[in-house]
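*Asks:* next input, structure requested:
(2 chains)
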Number of protein chains: 2
Amino acid sequence: MNISDWRTYLVTQASLSGERSTVAVVSAAIDGGIDVVQLREKGTSARSRYELGLELRELTAEAGVDLIVNDRVDIARAIDADGVHVGQSDLPVGVARDLLGPDAIVGCSTSTIAKARKAEADGADYLGVGAVYGTSSKDVTDEKVGIGPKRIAEISDAVSIPVVGIGGITADNAGPVVDAGATGVAVISEITAAPDPRAATESLAAAVETSKGVGNGGGA
Amino acid sequence: MNISDWRTYLVTQASLSGERSTVAVVSAAIDGGIDVVQLREKGTSARSRYELGLELRELTAEAGVDLIVNDRVDIARAIDADGVHVGQSDLPVGVARDLLGPDAIVGCSTSTIAKARKAEADGADYLGVGAVYGTSSKDVTDEKVGIGPKRIAEISDAVSIPVVGIGGITADNAGPVVDAGATGVAVISEITAAPDPRAATESLAAAVETSKGVGNGGGA
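*Replies:* Modelled structure (predicted):
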């Protein structure tokens, strides 16, 4: 799938999925129409992430869903993922690009215009920008209250690569993020901790599509 | 350097080096004749390890000292290290080998005969076996009191690749480890926390050489 077609992006975190496995959550999200899955699972061993990654690669490949690995370029290569997502304390974008080659997807987390421009210049294919709203499931990189859709607009205007909003996003508040120029929205809790992850994915996708249709930020 | 010539092996851990930097400790160890350095630095970010790794690569390359990266195959490639060292919860030996190619060094931590044989079969070039003695600087994989030189002898007899003892080893107790069949000894605290890391390295190397000369475990 082309990155500019990403609408809904699931970041995995087993510790938030209750008694369900990450595989079960991802499977439900695929049924609900998720576009891309990021294997994150902070705090678990490389071996665990590698083994889970092999399962997720099988699931996502069958469904034509992109699979991205957080931080670990080696695990991304080992499981034949579509790419890697690096933060400001992970390997630099340019190093990830060199290791993975020109065809892989390299994404980068940022919350400022300066770092967004640098990531684009270093070869990032997309940006994960946040935390948009306050969130409890991921460290907030700017302020506890989130950077807000306004910063999404500023960064979207400053770069030419797709921007994915992340942090505290739900079906109810995704609209302003897309209206501000985000290609899509990334979530952890909204799907992972939902009573029905499939329905949560469908609702989120519908919210994004609605804004794409009527908002100022773009058009499908 | 050939792995079978490794006598002294330093595993880095900045948190144990007091006010000295890891670069300063490694530099002193190189002056003292260290044979191989492993970039470990558990608990620090990938970016920090990568940046430190670039510095250590420059230092070690100039001195003809091998540089190994703990756990992260991607960082090993990014800094052009000689290889990687994986534990039982890191990427599997075979995966590391596939990612790094046939010329890289792949080491593996183990404390049992069965896992030692499996690591060798999977393509490991050497084994880190321990904890030999009780230790406070690294998780003890077997018992708090350490597996002892006897297990070193059992594992050395069971495999044909070099065995490096690790865990609680000092210049005073290195002899029995080498006598048991270890090619060399790996330390963290003995060098990193020493008042004089260079002198500590020299003492450790002398202890190993003395046993190599008179012990049953081998001969230089």
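
*Asks:* measure A:Val73 to chain B for me?
*Replies:* 4 Å (C-beta to the nearest C-beta, to the nearest Å). For the C-beta atoms, the positions are set from N, CA and C on the backbone; glycine is no exception.

*Asks:* er, A:Leu10 I mean
*Replies:* Taking C-beta to the nearest C-beta, one finds A:Leu10 at 23 Å from chain B.

*Asks:* list the contacts for that residue?
*Replies:* A:25-26, A:29, A:34, A:36-38, A:186-188, A:191-192, A:201 (C-beta atoms under 8 Å, 6 or more residues apart in numbering or on different chains).

*Asks:* closest to chain B out of these?
*Replies:* Minimum distance to chain B across the contacts of A:Leu10 is 16.1 Å, recorded for A:Gln38 (C-beta to the nearest C-beta).

*Asks:* so who does the closest one touch?
*Replies:* Neighbours of A:Gln38 in contact, by C-beta under 8 Å, 6+ apart: A:Tyr9, A:Leu10, A:Val11, A:Thr12, A:Leu67, A:Ile68, A:Val69, A:Asn70, A:His85, A:Ala186.

*Asks:* ok, now which ones touch the first one?
*Replies:* By C-beta under 8 Å, 6+ apart, the contact set of A:Tyr9 is A:Ile34, A:Asp35, A:Val36, A:Val37, A:Gln38, A:Val164, A:Ile166, A:Gly184, A:Val185, A:Ala186, A:Val187.

*Asks:* quick one, helices of chain A?
*Replies:* A:22-31, A:46-63, A:73-78, A:93-100, A:113-122, A:148-158, A:174-179, A:189-192, A:197-214 (DSSP state H).

*Asks:* quick one: buried residues of the second one?
*Replies:* It refers to helix A:46-63. Neighbour-count burial for helix A:46-63, counted by 16 or more other C-beta atoms under 10 Å in any protein chain shown, picks out A:Ala46, A:Arg47, A:Arg49, A:Tyr50, A:Leu52, A:Gly53, A:Glu55, A:Leu56, A:Arg57, A:Leu59, A:Thr60, A:Ala63.

*Asks:* and chain B, which of these contact it?
*Replies:* With C-beta under 8 Å from any C-beta of the partner chain as the criterion, the buried residues of helix A:46-63 include A:Ala46, A:Arg47, A:Tyr50 near chain B.

*Asks:* got these as a markdown table, with distance to A:Gly148 columns?
*Replies:* As requested, those are arranged in a markdown table below (distance: C-beta to C-beta, whole Å):
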| residue | distance to A:Gly148 |
| --- | --- |
| A:Ala46 | 35 |
| A:Arg47 | 39 |
| A:Tyr50 | 37 |
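
*Asks:* can you lay out the residues you listed as CSV showing distance to B:Ala119 and pLDDT?
*Replies:* Output for those, formatted as CSV (distance: C-beta to C-beta, whole Å; pLDDT from 0 to 100):
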residue, distance to B:Ala119, pLDDT
A:Ala46, 16, 97
A:Arg47, 14, 98
A:Tyr50, 16, 98
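
*Asks:* ok, back up a step: which one of the helices of chain A is the most hemmed in?
*Replies:* helix A:73-78 (a mean of 26; mean count of other C-beta atoms under 10 Å in any protein chain shown).

*Asks:* can you list the residues of chain A near chain B?
*Replies:* Contact residues, chain A versus chain B (C-beta under 8 Å from any C-beta): A:45-48, A:50, A:71-75, A:77-78, A:88-92, A:95-96, A:98-99.

*Asks:* quick one: low-confidence parts of chain A?
*Replies:* Applying pLDDT under 70 to chain A flags residues A:135-144, A:214-220.

*Asks:* hmm, A:Arg151 and A:Val145 touching each other?
*Replies:* No. Using C-beta atoms under 8 Å, A:Val145 is not in contact with A:Arg151; the gap is 11.6 Å.

*Asks:* using CSV, list the CA coordinates for stretch A:107-115.
*Replies:* Extracted in CSV, the C-alpha atoms of stretch A:107-115 (Å, rounded to 0.1, in the frame of the first residue of the first chain):
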residue,chain,number,x,y,z
GLY,A,107,9.3,6.5,9.5
CYS,A,108,10.4,8.9,12.2
SER,A,109,8.7,10.3,15.3
THR,A,110,8.9,14.1,15.8
SER,A,111,6.9,16.8,17.4
THR,A,112,8.7,19.9,16.1
ILE,A,113,9.0,21.5,12.7
ALA,A,114,12.8,21.6,12.8
LYS,A,115,13.1,17.9,13.5
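
*Asks:* give me the residues contacting that stretch.
*Replies:* A:68, A:83-88, A:93, A:116, A:119, A:122, A:124-131, A:141-142, A:147, A:151, A:154-155, A:158, A:164, A:166.

*Asks:* for ChimeraX, what selects the buried ones among those residues?
*Replies:* Command for ChimeraX, covering only those of these found buried under the criterion 16+ other C-beta under 10 Å:
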select /A:68,83,84,85,86,87,88,93,116,119,124,125,126,127,128,129,130,131,141,142,147,151,154,155,164,166
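
*Asks:* before I go, just wanted to say thanks for your time.
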